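Enquirer: Sequence and predicted structure, then a few things I'm wondering about:
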Amino acid sequence: MSTSFRCAVMTPEGASFDGEVTYASFPAWDGQYGVMAGMAPVLDRLGIGHLRLDTAKGTRWFSVEEGFAHVRDNTLTILSEAVHALEDLSIGELESALKAFESADHSDLSADEQNSQRIRMTSKLRLAQTHRGDRVA
């Protein structure tokens, strides 16, 4: 039995990742979900959070913002509106954006929309702060 499987991370703009992984962990709507080779089929709704992909070269980290995860035929497909690779995240820029968001008037947004935007921003910031030394070439 193979210890790796194919993983494709897709956005409307195209592929953010497409390759072989030995383990993947993604944020489902009801908690973090782990996938290894030989997993049973799954279709789940994504939440907002961190996507971990273990490859032969090391671990890759991404921030994903809702969508769907599908496991079938030894392939994990992540479909998301927004995916941000760890190497593209700047702690300084994220801290500034969060500070600007917190101090701005958002009366045009519902409380749910404001909370969702805050969660998206803090999730990316936490990823960058926690795993900035984990970058893979």
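Expert: Sure, I can see it.
Enquirer: quick one: strands adjacent to the strand or helix carrying Gly49?
Expert: Here Gly49 sits within strand 42-55, counting by DSSP states H and E. Take DSSP bridges as the rule and strand 42-55 pairs in its sheet with strand 23-28 (antiparallel), strand 58-72 (antiparallel).
Enquirer: what comes into contact with the longest helix along the chain?
Expert: Longest helix in the chain by number of residues, with DSSP state H as the criterion: helix 111-131. With Cβ atoms under 8 Å, 6 or more residues apart in numbering as the test, helix 111-131 has contacts from 48-50, 61, 63, 65, 82, 84, 86, 89-91, 94-95, 97-98, 101-102, 106, 109. Where you see a C-beta, it was placed from the backbone N, CA and C, and this is true even at glycine.
Enquirer: Okay, and which of those map to strands?
Expert: Taking DSSP state E, the ones among these that sit in strands are 48-50, 61, 63, 65, 84.
Enquirer: hang on, the earlier thing: quick check: buried residues in the strand holding Gly49?
Expert: By neighbour count on 16 or more other Cβ atoms under 10 Å, the buried set for strand 42-55 is 46-55.
Enquirer: With stretch 25-40 instead?
Expert: Under the neighbour-count criterion of 16+ other Cβ under 10 Å, stretch 25-40 has 25-28, 33, 35, 37, 39 buried.
Enquirer: how many neighbours does Arg118 have?
Expert: Arg118 has 14 neighbouring residues, counting by other Cβ atoms under 10 Å.
Enquirer: and what of Pro12?
Expert: By the criterion of other Cβ under 10 Å, Pro12 has 8 neighbours.
Enquirer: Over to Ser123?
Expert: Applying other Cβ under 10 Å, we find 20 residues neighbouring Ser123.
Enquirer: next one: Thr75
Expert: 12.
Enquirer: Could you turn the buried ones of the contacts of helix 111-131 into a PyMOL selection?
Expert: The PyMOL selection below is limited to those of those classed as buried (16+ other Cβ under 10 Å):
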select buried, resi 48+49+50+61+63+65+82+84+86+89+94+98
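Enquirer: hang on, the earlier thing: in CSV, list the strands paired with strand 42-55 along with distance to Pro12 and mean pLDDT.
Expert: Output for the strands paired with strand 42-55, formatted as CSV (distance: least, Cβ to Cβ, whole Å; pLDDT from 0 to 100):
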stretch, distance to Pro12, mean pLDDT
strand 23-28, 18, 96
strand 58-72, 10, 95
